[in-house]
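Novice: 3D, please:
(chains A and B)
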Amino acid sequence: MAVRLSQVMGRRLIAGIPTLWLLVLFLIPFIIVFRISFSEVRLAIPPYTPLINWHHGAPHLEVHWSAYSFLFTDPLYVSSYLYSLKVAAVSTLCCLLIGYPMAYAIARTGDATRPLLLMLIVLPFWTSFLLRVYAWIGLLKNNGVINNVLLSLGVVHHPLALIQTDFAVYIGIVYSYLPFMILPLYANLEKHDPALLEAAADLGARPWRAFVGVTLPQSLPGIAAGSLLVFIPAVGEYVIPTLLGRTDQLMIGRVLSDEFFENRDWPVASAVAILILLFLIVPILLLQRVERRQMEAGQ
Amino acid sequence: MSSQPTPAAAPSAAATPDAAHYVRIVDVSKKFGDFTAVDHVSLDIRRGEIFCLLGGSGSGKTTLLRMLAGFETPTTGRIEIEGQDLSRVPPYERPVNMMFQSYALFPHMSVEKNVAFGLEQEHLGRDAIRRQVGEILEIVKMSGYGARKPHQLSGGQRQRVALARALVKRPKLLLLDEPLAALDKKLREHTQFELLNIQQRLGVTFIVVTHDQEEAMTLGTRLGVMNHGRIVQVGTPSDIYESPATRFVADFIGSVNMFAGEVCANGADGLCIRSADLGCTVRAERAAGGAHGATVWTAIRPEKVQISRTPPEGAEAAGGENLVAGAVKEIAYMGDTSIYLVRLDSGSMLRVTLPNVLRGAERPIAREERVWLSWHGSSPVVLTE
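Specialist: Numbers count the residues shown, from 1 in each chain, chains lettered A, B, ... in the order given. Next up is the predicted model:
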C-alpha cells in the first residue's frame, strides 16, 4: 500500500514538474501579455493603463480595444503579417523540398555512415546562430564573396543585388532551419518497413508509384512536424530579416520589437504578439490531428 | 533410393508436356560478397503444385524466394516461368506475387485499398477493380472487413488480407514466405487446410518457404530440403521422411536415431551393418549399395521401434539382428504419444515413440525398467553421406 502511494506520488511529481514549468514560464507570462494588450499606452511605470480602476472605492474594469483596432487601421501591420506568412510558407516549402531527399537518403544509408551524416546535419549548431547569419552578409553583400567571384569570372559586370532582398531572407531562413525539417523527417522515414516498398513493387508499382503510394502518405506526420518546426519560428523570425532582409518591408517580428523598444507602446506590441499566436494555433492544431490519426494507425 | 513420383502428387500436372517444367530454376547461384547464399540450385516446379522449400536459417531458401520475386538478381543461372527468362525482369513486371512473412500490409490503407493496390497499377477500371477485390475477399472470407485498417484486424485476418492481395492479380506463381509462422498453433492448422483449399480452387502454383517441417509436410505436394545454399533432396513428403537422402535430411525432418556402423554383408536380403554404438547388427532390407567394410549410418525413426519387457518372438531365429536391450531413462508423456529415452547396453541413447493406444494402461513401462527394443527390417535407412 505504501509502495503504491509513493508510486502515485512519484508519477504526480514527474508529471507535475513540467506542468509547473509551463504554468510559471509560459502561461503566466502569456496572461500578462494578454492583459497588457487590452490597455492603453501612458507615460508612466509601467507604461500602460491598469486593468482595474478604483473609482470612489469601487473596482472598475477598464478594457481597451484600441491596440487591436490600431493594428487594422494602419496597413503596416496587415502587410507585415501577410509578408511574414508568405516568407514562412515559402521557406518551409523550400526546406521540405531540400530536406525530404536528404532525410530519405540518410534513412536509407548503412548503419555505419548514418551517425556521421546525422552529426553533419547538427554540426552547424556548434557555431553561434548570429555568427552564421552574419557570415551570410559577407557572402551576399555587394562586394561580398559571391559577387566578387562572379565579377572576376566575368559572369556579371555589375554586382548582383543579393543582400536586403527576399532572396537573402529565404537563404537565411532555409539555411538556418533546414535541420529542423530533416530531423523529424528522418525519424519518420527511418521507421518505414522496407518490406512495404517491396510489397508495392511486387504488386506492380514502379519505384515512383511506390514512393507516392506508400512512402509519402506514411511520412505525412514527419512532413507536418518538420514543416511546423520551420514555419512557426520563421513567422516570428527577427534576426534573419533584420540582418539580411529588405528595409521597405518588415516582418512581424521586427514590427513587434520596434513597437516595444522604439515606440514603447507595450499594448500594441502585446496585441501584435497575441495575433501571431492566433495565426500559429491553427497549424499546431492541424499537426495534433495528424499525429493523433497516426497514433491510431501506428500499432 | 528416392521413389517414383506418386500419381496423386500433382493431379493437374502432366496435362501438357511442359507442365512439369512450369517454373525452371537453372543452375542459380547468389553471392553476397564472399558469402554464397544460394549455390548452383536447379529445380523444376510443376504447374499447379505447392512446392515447399524447407531449410534452417541461413540455408538460402529465403534468398532463392527473393530471386523468384525479383528482389535479388541471381549472380549466375536463370529463372524461367513458362519458358520466359525472368532473371533480369524487375519485380514490378513479373507475373509473380508474394505473401510476405510480416504480411507487409500498407498500414495507411483500408483492407479494400490494400487488395486493390495491385490492380490499380494495371490501370483497370474502377468497376473491374471493385468486382475483383470483392471476389477475392469473398474467397478468403474477409468480405465484411473491406473498410477496416490493418491494425484493426487480428493476426489471422491480416494473413487472409495478405493472401487476397497477393492472389487478386492471379499471378502465374505465388510465393509464400513462412505463411503460417505468425499464427498460433490452433489457427495454423485451420489456416493450413484453408490455404490448400484456396490453392486448389484457384489452381495457382505456390512456392512456400518455411523452416517448419510440419508446415512443409502438410502443405507441400513436393518438398525441397535446403542446406548451405544447396538443394539436398527433392521429393514428396513421404519420400523425404521415409527415405531421406542424407544424414542432414534425416535429422532435419522429424526426429531420428542415427548410428554409425560398418557394412558386414551385402546380400539379396539387404544390407547388414555392424554398429558398435548401437551394440547390435542392423539388417536393412530396403537398402542397396555400400561396399563391404564401408562406414555408413543407419537411421531409425523413433516410432518404428517396438518396446517390450521380454525379447520378441523370433528374435532368436534372427540371430539378434535388429534387437537391442537397455534401461528406460526418461519417459515424456505427450498425451497422444509417449517418448521413451532408453540407455542401451552399449551406452548410447535410443529414442522410442509409442502411441498411447489404451486409456490408462494397466502396467505401463516405468523408468529404470529393462526393456528390449526391436524394429522391422524395412525400417532402417542406410545413409552414406
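Novice: Can I get the strand or helix carrying A:Gly138 in CSV, CA atoms only?
Specialist: Counting by DSSP states H and E, the element that carries A:Gly138 is helix A:129-140. Output in CSV follows, covering the C-alpha atoms of helix A:129-140 (Å, rounded to 0.1, in the frame of the first residue of the first chain):
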residue,chain,number,x,y,z
PHE,A,129,23.3,31.3,-34.9
LEU,A,130,24.1,35.0,-35.0
LEU,A,131,27.6,34.4,-36.4
ARG,A,132,26.3,32.2,-39.1
VAL,A,133,23.8,34.8,-40.2
TYR,A,134,26.5,37.4,-40.2
ALA,A,135,28.6,35.1,-42.4
TRP,A,136,25.8,35.3,-45.0
ILE,A,137,26.2,39.0,-45.1
GLY,A,138,29.8,38.5,-46.0
LEU,A,139,28.8,36.1,-48.8
LEU,A,140,25.8,38.1,-50.2
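Novice: Give me the buried positions along that helix.
Specialist: A:133, A:136-137, A:140 (16 or more other C-beta atoms under 10 Å in any protein chain shown). Heads up, the C-betas are built off the backbone N, CA and C, glycines and all.
Novice: Other residues contacting it?
Specialist: Outside helix A:129-140, the residues that touch it by C-beta atoms under 8 Å, 6 or more residues apart in numbering or on different chains are A:124, A:144-146, A:162-163, A:168, A:171-172, A:175-176, A:239-240, A:243-244.
Novice: returning to what we had before: want to throw the buried residues of helix A:129-140 into TSV with distance to A:Ala273 and pLDDT?
Specialist: Shown next, in TSV, are the buried residues of helix A:129-140 (distance: C-beta to C-beta, whole Å; pLDDT from 0 to 100):
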residue	distance to A:Ala273	pLDDT
A:Val133	23	93
A:Trp136	27	94
A:Ile137	28	94
A:Leu140	30	94
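Novice: Might you name the residue of the stretch 1-150 of chain A sitting closest to chain B?
Specialist: A:Gly110 (13.5 Å; C-beta to the nearest C-beta).
Novice: Three-state assignment for that residue, please.
Specialist: The three-state assignment at A:Gly110 reads coil, by DSSP: H, G, I helix; E, B strand; the rest coil.
Novice: Nearest spatial neighbour of B:His108, chain-adjacent residues omitted?
Specialist: A:Pro217 (5.0 Å; C-beta to C-beta, 6 or more residues apart in numbering or on different chains).
Novice: one step back: just the buried members of the contacts of helix A:129-140?
Specialist: For those, buried by 16+ other C-beta under 10 Å: A:144, A:146, A:162-163, A:168, A:171-172, A:175-176, A:239-240, A:243-244.
Novice: Out of those residues, which comes closest to A:Pro46?
Specialist: A:Pro46 lies nearest to A:Val239 out of the buried ones among the contacts of helix A:129-140, by C-beta to C-beta, at 27.0 Å.
Novice: ok, for residue 169, nearest residue in space, not its chain neighbours?
Specialist: The chain I'm using is chain A. Nearest residue to A:Val169 in three dimensions, chain neighbours excluded: A:Gly245, at 4.4 Å (C-beta to C-beta, 6+ apart).
Novice: ah, no, chain B please
Specialist: B:Lys169 sits nearest to B:Gly118 (C-beta to C-beta, 6+ apart), 4.7 Å away.
Novice: Check A:Trp54 too.
Specialist: A:His60 (7.1 Å).
Novice: secondary structure class for the one you found?
Specialist: Here A:His60 is recorded as strand under three-state DSSP.
Novice: who touches it in this structure?
Specialist: So A:His60 contacts A:52-54 (C-beta under 8 Å, 6+ apart).
Novice: How much space separates it from A:Tyr68?
Specialist: Going from A:His60 to A:Tyr68 by C-beta to C-beta, to the nearest Å gives 21 Å.
Novice: what does B:Leu341 give?
Specialist: Applying C-beta to C-beta to B:Leu341 and A:Tyr68 gives a distance of 89 Å.
Novice: And for residue 177, the neighbour number?
Specialist: The chain I'm using is chain A. As a burial measure, A:Tyr177 scores 24 neighbours (other C-beta atoms under 10 Å in any protein chain shown).
Novice: actually it's chain B I care about, not the one you picked
Specialist: The burial count for B:Asp177: 23, using other C-beta under 10 Å.
Novice: cool, A:Val268 as well?
Specialist: Neighbours around A:Val268, by other C-beta under 10 Å: 26.
Novice: so it touches A:Phe72, yeah?
Specialist: No - contact criterion C-beta atoms under 8 Å: A:Val268 and A:Phe72 do not qualify, at 11.7 Å.
Novice: Just the buried residues of the longest helix along chain B, please?
Specialist: Longest helix in chain B, counting residues (DSSP state H): helix B:185-202. For helix B:185-202, a neighbour-count test (16+ other C-beta under 10 Å) marks B:188, B:191-192, B:194-195, B:198-199 as buried.
Novice: ok, then the element right after it?
Specialist: strand B:205-210.
Novice: List the contacts of that following strand.
Specialist: Residues outside strand B:205-210 that contact it (C-beta under 8 Å, 6+ apart): B:22-23, B:45-54, B:61-62, B:64-65, B:68, B:172-181, B:199, B:215-216, B:219-220.
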